[in-house]
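> Pasting a predicted model and its sequence here:
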2 protein chains.
Amino acid sequence: FPLVTLARAIGVLVSALVLTWNVHYRGGLAILSENKDLIFNVDELLNKFAQPSVDDSSPEKFHEKNLSAKMLAMLAYKSVSGTKIFKKRVHLVLQFLALILSLIGLYAAWKFHIDKGIDNFYSLHSWLGLACLFLFVCQWIIGFTTFLYPASSRNRRSVVLPWHVFFGIFIYALAISTAATGILEKLTFLQSNNVISRYSAEALLANVLGVLIVVLGGVVVLATIT
Amino acid sequence: FPLVTLARAIGVLVSALVLTWNVHYRGGLAILSENKDLIFNVDELLNKFAQPSVDDSSPEKFHEKNLSAKMLAMLAYKSVSGTKIFKKRVHLVLQFLALILSLIGLYAAWKFHIDKGIDNFYSLHSWLGLACLFLFVCQWIIGFTTFLYPASSRNRRSVVLPWHVFFGIFIYALAISTAATGILEKLTFLQSNNVISRYSAEALLANVLGVLIVVLGGVVVLATIT
Ligand code: HEM
Ligand code: HEM
Ligand code: HEM
Ligand code: HEM
Ligand SMILES: O=C1O[C@H]([C@@H](O)CO)C(O)=C1O
């Protein structure tokens, strides 16, 4: 299916850009950095495969992870072959993975803020992120109890399904908006503090990343609904 | 149709918050301000009905207008009664209005930057905004030529239509992301320069506005696709 292939290609590109941003510009991965604290190490263990990690100075590096898992989970029904129940389990496990990664990311950002004496939850970015995570938890619980165990009647399932799909896509869109605001915020901090300049290669890279994440969102949603 | 009613209600709330932010916190409307320049006056004429306007220090006040027109245009097929060709014209005129307002907003922001010697088009916000406007222009031209004049064959129209709907929704989502990043950026500037504090009433108001715009986006899309 060409849309799924396109989504994968952009996904790989996005991952490469995230990695470049972190490793090349933002001080490298946590394994290589001194001064890292325990949570960040725990996180390291959870992210072997080329996902961005967190050095001692940036909560935001956590936040990109759950997008990949989420995208795969949404496309699971399209791209995984096998029985219905197998597909259901893949979907569920991937969404669970995305959820756990997000919650670890949230904890890390929060802990980082506490440790450095920075305010918590003041920004639109953090509010969108919290709303996204809250809905994500609800969606997961309702999805699980409705479709898998104890599972509702066939009739109720078919009533819930279109809402499940709609909220699934809405939560995904919320995650995309959260990521876009997060990237903008990070760059604005760096630029306001004169760490990097407005037209620097790093800023351009991060902007390209932001635009690609939004485009990827469109392609994934299109692939999901068609 | 309850979803359309809900969208209208949130739309009114969003307009009220935008107005409160501008009038109460950000120095009032341009009619009342000295020092306003010509473009801003021209804009004033175009925005009689309680839309936010621009004082001498903020390009961003322009940017919220086109969202309302866009929302109405997307819902036109749902909420306007009459013949098909009449609905088509309402849709087209409203999208045209939204387009023109956006382009004026872009010109104002750009002129404001030039006048103050601020860089142009460096931010993710501005990139998303430009992408949105570019696609908007394309969509409008293709929509016009395909569905109205000279108009394609019935067969071609039915092939183009689902893409038209998908891109229409994608452009709308892009506008929502642009607005969210714009609000975040404006607040980050104000907070970095210590004009307002992180938990100030103004910051909370703007965050609520941002979350509501995203929720409104979800409701409008849901109302459009059902
Ligand atoms: C879906 C993905 C994301 C979610 C759910 C999310 C969630 C959050 C939350 C809840 C906070 C507040 C933490 C606190 O105040 O204790 C936060 C902070 C932050 N995030 Fe994210 N984030 C995401 C993606 C990103 C991305 C992609 C970046 C940048 C590349 C980023 C950069 C930041 C920064 C700089 C902060 C600290 C400033 C602030 O509180 O707004 N985030 N994030
Ligand atoms: C936060 C967690 C979840 C999110 C964001 C989510 C999202 C989605 C999305 C976007 C779709 C549409 C995909 C498509 O039709 O190709 C979908 C379909 C579905 N989901 Fe979930 N989901 C979540 C959790 C769950 C759970 C826990 C279950 C229970 C096993 C579940 C069961 C289903 C089923 C049965 C479908 C219908 C697939 C079909 O036949 O088209 N979901 N979900
Ligand atoms: C769909 C709606 C919007 C579009 C298409 C849009 C587009 C743009 C563009 C193209 C620029 C760059 C101007 C230049 O550099 O010459 C810009 C700048 C700006 N906008 Fe928006 N905007 C939108 C909504 C908003 C909102 C809702 C706000 C805040 C409340 C906002 C705040 C700003 C600010 C502070 C700047 C100057 C900083 C920068 O260039 O990023 N915008 N906008
Ligand atoms: C940037 C401009 C435009 C945008 C963003 C846009 C967006 C949309 C959206 C979201 C829909 C789906 C609405 C629904 O089905 O209720 C739609 C439907 C449609 N649009 Fe547009 N549109 C634009 C310009 C135009 C133009 C110029 C025409 C030509 C007259 C046009 C003709 C149509 C037609 C015929 C439909 C199908 C309505 C139906 O029967 O469901 N659009 N458009
Ligand atoms: O011009 C039009 O094209 C579509 C449809 O005829 C294509 O299937 C539609 O609803 C119109 O009003």
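Done, it's in. Ligands and ions are numbered 1, 2, ... in the order given.

> which residues touch A:Leu133?
A:Leu99, A:Ser102, A:Leu103, A:Leu106 (Cβ atoms under 8 Å, 6 or more residues apart in numbering or on different chains). All C-beta spots, glycine's among them, are computed from the backbone N, C-alpha and C.

> What residues of the helix or strand encompassing the first one count as buried?
Under the criterion of DSSP states H and E, A:Leu99 resides in helix A:84-116. The neighbour-count check on helix A:84-116 (16 or more other Cβ atoms under 10 Å in any protein chain shown) flags A:87-88, A:90-92, A:94-95, A:97-99, A:101-102, A:104-106, A:108-109, A:112-113 as buried.

> Give me the helices and strands touching it, please.
For helix A:84-116, the packing partners by 3 or more Cβ pairs under 8 Å, 6 or more residues apart in numbering or on different chains; DSSP states H and E come out as helix A:38-46, helix A:65-79, helix A:124-143.

> hey, least reliable of these by pLDDT?
Among the helices and strands packed on helix A:84-116, helix A:38-46 carries the lowest mean pLDDT, at a mean of 36.

> so A:Ile142 makes contact with A:Gly168?
No - if you go by Cβ atoms under 8 Å, A:Ile142 and A:Gly168 don't touch, sitting 10.8 Å apart.

> between those two, which one's more packed in?
A:Gly168 (21 against 14; other Cβ atoms under 10 Å in any protein chain shown).

> what does the model give the more buried one for pLDDT?
Taking A:Gly168 on its own, its pLDDT is 91.

> from chain A, which residue is nearest to ligand 3?
Ligand 3 sits closest to A:Leu184 of chain A, with a gap of 8.3 Å, by Cβ to the nearest ligand atom.

> Tell me if the one helix or strand that residue maps to is near ligand 2.
Counting by DSSP H and E, the element that carries A:Leu184 is helix A:154-192. Yes - Helix A:154-192 lies within reach of ligand 2 by Cβ under 6 Å from any ligand atom, at A:Leu161, A:His164, A:Val165, A:Gly168, A:Ile169, A:Ile171.

> Return the set of buried residues in that helix.
For helix A:154-192, by 16+ other Cβ under 10 Å, it's A:164, A:167-188, A:190-191.

> Can you list the low-confidence ranges for chain A?
For chain A, the stretches with pLDDT under 70 are A:1, A:27-79.

> from the contacts of A:Leu133, which are also near ligand 1?
With Cβ under 6 Å from any ligand atom as the criterion, these include A:Ser102, A:Leu106 near ligand 1.

> Save the contacts of A:Leu133 as JSON lines, and put in distance to ligand 5 too.
Below are the contacts of A:Leu133 laid out as JSON lines (distance: Cβ to the nearest ligand atom, whole Å):
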{"residue": "A:Leu99", "distance to ligand 5": "40"}
{"residue": "A:Ser102", "distance to ligand 5": "41"}
{"residue": "A:Leu103", "distance to ligand 5": "45"}
{"residue": "A:Leu106", "distance to ligand 5": "45"}
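
> from the contacts of A:Leu133, which is closest to B:Leu216?
A:Ser102 (24.0 Å; Cβ to Cβ).

> Correct me if wrong: that closest one contacts A:Phe136.
Yes - counting by Cβ under 8 Å, A:Phe136 is a contact partner of A:Ser102 at 6.7 Å.

> hmm, the helix holding A:Leu184 in reach of chain B?
Yes - Helix A:154-192 reaches chain B (Cβ under 8 Å from any Cβ of the partner chain) through A:166, A:170, A:173-174, A:176-177, A:180-181, A:183-185, A:187-189, A:192.

> so which pair among these is furthest apart in space?
Top of the distance list for those (Cβ to Cβ): A:Phe166 and A:Ser192, 38.1 Å.

> burial of A:Phe147, as a residue count?
The number of residues packed near A:Phe147 is 16, by other Cβ under 10 Å.

> you'd agree it is up against A:Arg154?
No - if you go by Cβ under 8 Å, A:Phe147 and A:Arg154 don't touch, sitting 11.0 Å apart.

> and the residue of chain A found nearest ligand 5, how many residues sit next to it?
With Cβ to the nearest ligand atom as the measure, A:Thr226 is the residue of chain A nearest to ligand 5, at 16.6 Å. Neighbourhood size, A:Thr226 [other Cβ under 10 Å]: 10.

> State the distance from it to A:Ile213.
According to Cβ to Cβ, to the nearest Å, A:Thr226 and A:Ile213 sit 21 Å apart.

> Same check on A:His24?
As judged by Cβ to Cβ, A:His24 and A:Ile213 stand 18 Å apart.

> Neighbour count: the two, which is higher?
The neighbour count for A:His24 versus A:Ile213, taken as other Cβ under 10 Å, is higher for A:Ile213 (25 against 12).

> quick one: contacts for that one?
Residues in contact with A:Ile213 (Cβ under 8 Å, 6+ apart) are A:Val14, A:Leu67, A:Ile176, A:Ala179, A:Ala180, A:Ile183.

> check which helix or strand covers it.
helix A:201-225.

> what's near enough to touch the closest residue to A:Thr226 other than its chain neighbours?
In space, A:Thr226 comes closest to A:Leu3 once its chain neighbours are excluded; the distance is 6.9 Å by Cβ to Cβ, 6 or more residues apart in numbering or on different chains. By Cβ under 8 Å, 6+ apart, A:Leu3 lies in contact with A:Val219, A:Leu222, A:Ala223, A:Thr226.
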